[in-house]
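K.L.:
structure, please.
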Amino acid sequence: MKFKTRLVYDCAGKSAVLCGGGDDTCRLHMGSENGAAVLELEAQKPVTVKRLEVTLPYKFSDDCRIYVNGFQSWTDSREYMPRERMSELSAVLETAINSRAFAFTGLNRSGDGTFHKYPRKSGVFYGFSYGYVRNGERVELFASLSERTGYTIITFDTRRGCITIEKDLEGKEFSGRSEVMRFAVIAGEYDAVFDGYFKLLGVPAPKAERACGYTTWYNYYSNVTQDIVMRDLKSLKESGIKADFFQIDDGYQAATGDWLITDEKKFPGGMKAAADAIHNAGMKAGLWLAPFAAVKGSRVFKEHPDWIVRDKKGAPFITGPNWGTFCALDIYNPDAREYIRGVFDTVLNDWGFDLVKLDFLYAAAVLPIHGRTRGEIMCEAMDFLRECCGSKLILGCGVPLMPAFGKVDYCRIGADVTNTWKPRRFTTREDVSTPHGVNNSVFRRHLDGRAFLNDPDVFFLRESNMNMSFEQRRLLAKVNSLFGSLMFMSDNISEYSERQMQLLKEIFSGKKARIISAGYTDRDRLEVRYELDGTEHFLAFDPQYGRIFAEE
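P.N.:
Coordinates of the predicted model:
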């Protein structure tokens, strides 16, 4: 396969472009090793890379499907038809949220808008770390084997007939000879291709098991209280339904960042008592944290300003709009690291929680710092979290996925779902969206049981605080059960009817299906064939509106 390389770099204040080969300052070396293509950069003088890409010609068939993996957990990710246009983000919104006037909101920080331009043409699709072209049952995968030098961006251009593999190396200086890119091209049947990919990666199969449970977030959000927890815990215990986890989500803490300061009005008994109650009910206790996040009103922000990631002007860098905007802790600050380590020691060992849901993890690596690229920081942040948690269970969320491979036990693979089912347009690709969540569940299924166990986010069966029909709720639960391995709900099941209770029992006790095939046959029709208990089944539905066309 023929490759073309292009390097744009700065050296001693001057810019240069290198298209293949080398010059007096730099040289690119392309080789192969154990089935992988390896690109090395040799710099005679210190250089700062502005752009590095490898392009190969590719002939796309008219009926192929192209999968692109979104930047992080929440980013929409699905297969596209070759003449489609990537969905959602409008040009007006992109210009607005990337402008200086909107920088204080942090609206574009959860995605890739700060360092990658969104395509505005039909037939051009890009994603991160890996992607594929599917013709019928044959898949050709183009995949990075390491993000430790930087994020890998893969663009499929059906107009120009080419695939471009680019490295985000912003902030990185090179001297001497260094590996800058390692990737593989693997072809074959869907499951065999991904088995081969993870074998090349050397990521061991996850030890965690398929599980079910409850989380407070999708009914009470940040209004959760000790009384609500005890009431719903009691209802779940008395139902006789076996649940593995009971998770307390955002809202228990005094402020985002102050994880060990509990809101005493909401949880007067403290978090250890809550974990004990969950254990006494026969379930494992889970707790939500955003370990790299801190709001300006938090004690950790006020008392330790040197722990906060700052921009080139020395101002705290806004990392996202949540909680009225938040900033990120610098994971390379020794005192900040010890603080984070101490938080996990308390939560896991003193309070006794068995699982931590770690959210907004992208925040650690929004800004290149300390001469490291975003991808390099994210990989090292995930290494650090695994070290902090030891053998305890981690549910990752809001995280670029490849750095989380083999580092978390469970991982969210889609956007937050919401209590309504309708398309979200003219918004960021990471915004809450049931259609996005469903698409991601279907098309990121290859990660389940290989990188971690997939968390498709919650399903709803309740009637209160709900804007979905019962059939839509049933469809969401079915998709989660078919494609995911962590089945969570947020309902007070003491309010369930007999029909709802029966469906919950079926979902929580459901066996894992074998997916035979899944894909769009039209722009609003997604067809799934699967095998369960030795019988083949068929499901056709519209992910945008939650309409079922056929179910066998």
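K.L.:
gap between the residue lying closest to T428 once chain neighbours are set aside and Q72?
P.N.:
Using C-beta to C-beta, 6 or more residues apart in numbering and skipping residues adjacent in sequence, the residue nearest T428 is G111, 5.8 Å away. All C-beta atoms are positioned from the backbone trio N, CA, C, and that covers glycine. As for G111, its distance to Q72 is 7 Å (criterion: C-beta to C-beta, to the nearest Å).
K.L.:
next, give phi and psi for F443.
P.N.:
phi -90, psi -10 (degrees, to the nearest 10).
K.L.:
neighbouring strands - and their directions - for the helix or strand containing T521?
P.N.:
If you go by DSSP states H and E, T521 is part of strand 514-522. Strands adjacent to strand 514-522 in the sheet, as given by DSSP bridges, are strand 525-532 (antiparallel).
K.L.:
next, the buried residues of the partner strand.
P.N.:
Neighbour counts over strand 525-532 (16 or more other C-beta atoms under 10 Å) mark 526-530 as buried.
K.L.:
with stretch 275-294 instead?
P.N.:
Within stretch 275-294, the residues that qualify as buried are 275, 277-278, 281, 283-294, counting by 16+ other C-beta under 10 Å.
K.L.:
overlap in contacts of G111 and Q72?
P.N.:
Counting by C-beta atoms under 8 Å, 6 or more residues apart in numbering, the residues touching both G111 and Q72 are E430.
K.L.:
what sits against A37?
P.N.:
Shown in contact with A37 (C-beta under 8 Å, 6+ apart): 3, 30-31, 54, 181-185.
K.L.:
swap in 10 Å and give it another go.
P.N.:
With contact taken as C-beta atoms under 10 Å, 6 or more residues apart in numbering, A37 is in contact with 1, 3, 30-31, 54, 56, 145, 165, 181-185.
K.L.:
cool, E531 as well?
P.N.:
Contacts of E531 (C-beta under 10 Å, 6+ apart): 513-516, 537.
K.L.:
could you look up the SS state of the spatially most central residue of the chain?
P.N.:
Nearest to the geometric centre of the chain sits S73, at 1.5 Å (C-alpha atoms, centre = their mean). S73 falls in the coil class when you classify it by DSSP: H, G, I helix; E, B strand; the rest coil.
K.L.:
for it, which non-adjacent residue is closest in space?
P.N.:
Closest to S73 by C-beta to C-beta, 6+ apart is R412, at 4.4 Å.
K.L.:
who's that neighbour bridged to?
P.N.:
Going by DSSP bridges, R412 is paired in beta bridges with D455.
K.L.:
quick revisit: any idea which element the residue nearest to T428 lies in?
P.N.:
Using DSSP H and E, no helix or strand contains G111.
K.L.:
returning to what we had before: among the contacts of E531, the buried ones, what's the ChimeraX command?
P.N.:
To isolate the buried ones among these in ChimeraX, judged by 16+ other C-beta under 10 Å, type:
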select :513,515
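K.L.:
make TSV out of the contacts of E531 and add distance to R337.
P.N.:
Putting those into TSV (distance: C-beta to C-beta, whole Å) gives the following:
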residue	distance to R337
A513	42
R514	43
I515	41
I516	46
H537	49
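K.L.:
what about V458, neighbour count?
P.N.:
Look at V458: counted by other C-beta atoms under 10 Å, it has 24 neighbours.
K.L.:
where does it land in three-state SS?
P.N.:
Look at V458: counting by three-state DSSP, its state is coil.
K.L.:
what residues are up against it?
P.N.:
213-215, 217-219, 416-417, 419, 437, 476-477, 480, 486-491.
K.L.:
now, these that are in strands?
P.N.:
Using DSSP state E, the members of the contacts of V458 that fall within strands are 213-215, 486-489.
K.L.:
chain neighbours aside, what residue packs nearest to D232?
P.N.:
Using C-beta to C-beta, 6+ apart, the nearest residue to D232 is N492, at 5.1 Å.
K.L.:
correct me, but the one you found touches N219?
P.N.:
Yes. The pair N492 and N219 qualifies as a contact (C-beta atoms under 10 Å) at a distance of 7.2 Å.
K.L.:
what do these two both touch?
P.N.:
Joint contacts of N492 and N219 (C-beta under 10 Å, 6+ apart) are 228, 232, 462, 464-465.
K.L.:
who wins on neighbours among those residues?
P.N.:
D232 (21 neighbours).
K.L.:
in CSV: the ones in strands among the contacts of V458, plus distance to L453 and neighbour count.
P.N.:
Converted to CSV, the ones in strands among the contacts of V458 look like this (distance: C-beta to C-beta, whole Å; neighbours: other C-beta atoms under 10 Å):
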residue, distance to L453, neighbour count
G213, 13, 22
Y214, 17, 27
T215, 16, 22
L486, 6, 27
M487, 11, 24
F488, 12, 27
M489, 17, 23
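K.L.:
closest one of those to A365?
P.N.:
L486 (24.6 Å; C-beta to C-beta).
K.L.:
residues contacting the closest one?
P.N.:
Residues near L486 by C-beta under 10 Å, 6+ apart: 208-213, 244-245, 395, 409-413, 448, 452-458, 480.
K.L.:
now the buried members of those.
P.N.:
In terms of neighbour count (16+ other C-beta under 10 Å), the buried residues within the contacts of L486 are 208, 210-213, 244-245, 395, 409-413, 448, 452-458, 480.
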